[in-house]
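*Asks:* Coordinates for the following, if possible.
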Amino acid sequence: MKLARYCIADKLHLGVVDKDHIISLSRIGIETTSMLDIIESGPDMLERIAGETAGIDDGTAIEAVELLAPLRPRKFLGLGMNYRRHADEARKLGIAVPDNQVWFNKQTSCINAPFGGIEPGVTEKLDYEVELGVVMGRTTKSVKSPDAYAHIFGYLIVNDISARDWQFHSPTFTLGKSFDTHGPIGPWIVTADEIGEDPKVNIRSLVNGEVRQSSNTDEFIHSIGDQIEYLSTAFTLEPGDILSTGTPEGVGAAMNPPRFLIPGDVVRCEIEGIGAIENRIAG
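*Replies:* Residues are numbered from 1 along each chain as shown. Prediction:
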């Protein structure tokens, strides 16, 4: 199932995406507009939604609605250098790649709609990073990798927009990863049952129609299960938390010469089985 948060006629809705239309959950008596409410309600809620919307075939055209960020999580965490060839890019730039997983925070105030505009802010080195986002479905602490997949609610697309000149103001990366609007996510959440455990999916980004990144998540250094095990060893993951699982090679900073984003550029991020998000650089 694809679950979206959207606006039409100035009214917020949650809905199920079915091909080219969307069915509001209010039609089946679910009035919440909080995706977190749905996530925290557990599998029974998903079964109800799937069963009661299955016979509805007259939803609103997707083109007629404004898709919003599916949720604002409690935690928005990013994993650095998790594709082999992207790690090679980092080494060439003089960035050390440790054996352990390298996680950073994206402040949740950076969350942006899947087709929202991106404000560069003060950065002069604006970059893109297409990533598979994992949405946690259960409170998770000290789970082992093979059991971690049962704790996932679903998946979405993340563009980990990065202010490269600010990223290294701090070894945590957080400043350069958290500018307002620099966290487009969506376009919806695809529930885990639809994609399966440890998905191996094609992933790519395009700038003004030119392919910049193209890979598959089978290039991960650290599997999704290993990521959840590592994080939950240190602290509790909560329903709705987003884990952004790393980006492939092809980022602008690693090109020779570097090719950073400028006003008017359009960045499109695509992941097989989910869809696409697209954002224009303002200014």
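*Asks:* Excluding covalently adjacent residues, which one is nearest to Ile28?
*Replies:* Glu52 (4.1 Å; CB to CB, 6 or more residues apart in numbering). Bear in mind the C-beta positions are built from the backbone N, C-alpha and C, glycine included.
*Asks:* That neighbour sits in which helix or strand?
*Replies:* helix 43-53 (DSSP states H and E).
*Asks:* Tell me the buried residues in that helix?
*Replies:* By 16 or more other CB atoms under 10 Å, the buried positions in helix 43-53 come out as 45-46, 49, 52-53.
*Asks:* can you list those in TSV and add distance to Thr217 and pLDDT?
*Replies:* Formatted as TSV, the buried residues of helix 43-53 follow (distance: CB to CB, whole Å; pLDDT from 0 to 100):
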residue	distance to Thr217	pLDDT
Met45	28	97
Leu46	23	97
Ile49	27	98
Glu52	32	96
Thr53	29	96
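*Asks:* Closest one of these to Ser24?
*Replies:* Thr53 (9.4 Å; CB to CB).
*Asks:* what's the burial count for the closest residue in space to Met81 that isn't next to it in sequence?
*Replies:* Computed as CB to CB, 6+ apart, the closest residue to Met81 that is not its neighbour in sequence is Ala87, at 4.4 Å. Using other CB atoms under 10 Å, Ala87 has 18 other residues around it.
*Asks:* got the contact list for Ala87?
*Replies:* Shown in contact with Ala87 (CB atoms under 8 Å, 6 or more residues apart in numbering): 81, 97, 221.
*Asks:* Only whichever of those are buried, select them in ChimeraX.
*Replies:* Here is the ChimeraX selection string for the buried members of those, based on 16+ other CB under 10 Å:
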select :81,221
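*Asks:* Can you redo the buried residues of helix 43-53 as JSON lines, where the extra columns are distance to Pro257?
*Replies:* Shown next, in JSON lines, are the buried residues of helix 43-53 (distance: CB to CB, whole Å):
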{"residue": "Met45", "distance to Pro257": "51"}
{"residue": "Leu46", "distance to Pro257": "48"}
{"residue": "Ile49", "distance to Pro257": "49"}
{"residue": "Glu52", "distance to Pro257": "55"}
{"residue": "Thr53", "distance to Pro257": "50"}
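*Asks:* just the residues you listed now: which is nearest Asp165?
*Replies:* With CB to CB as the yardstick, the closest approach to Asp165 among these comes from Leu46, at 42.7 Å.
*Asks:* Tell me which residues of stretch 273-283 come out buried.
*Replies:* Neighbour counts over stretch 273-283 (16+ other CB under 10 Å) mark 274-279, 281 as buried.
*Asks:* where do the strands sit along the stretch 1-150 of the chain?
*Replies:* For the stretch 1-150 of the chain, strands defined by DSSP state E, counting those that start in this stretch occupy the ranges 2-8, 11-18, 21-24, 60-61, 66-68, 76-80, 102-105, 111-112, 126-127, 130-136.
*Asks:* Please produce a markdown table containing those strands, extended by mean neighbour count, distance to Ile39 and mean pLDDT.
*Replies:* Listed next are the strands of the stretch 1-150 of the chain as a markdown table, based on neighbours: other CB atoms under 10 Å; distance: least, CB to CB, whole Å; pLDDT from 0 to 100:
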| stretch | mean neighbour count | distance to Ile39 | mean pLDDT |
| --- | --- | --- | --- |
| strand 2-8 | 21 | 9 | 98 |
| strand 11-18 | 20 | 11 | 97 |
| strand 21-24 | 22 | 18 | 97 |
| strand 60-61 | 12 | 23 | 96 |
| strand 66-68 | 20 | 16 | 98 |
| strand 76-80 | 24 | 15 | 97 |
| strand 102-105 | 18 | 20 | 96 |
| strand 111-112 | 23 | 16 | 98 |
| strand 126-127 | 25 | 30 | 98 |
| strand 130-136 | 26 | 7 | 98 |
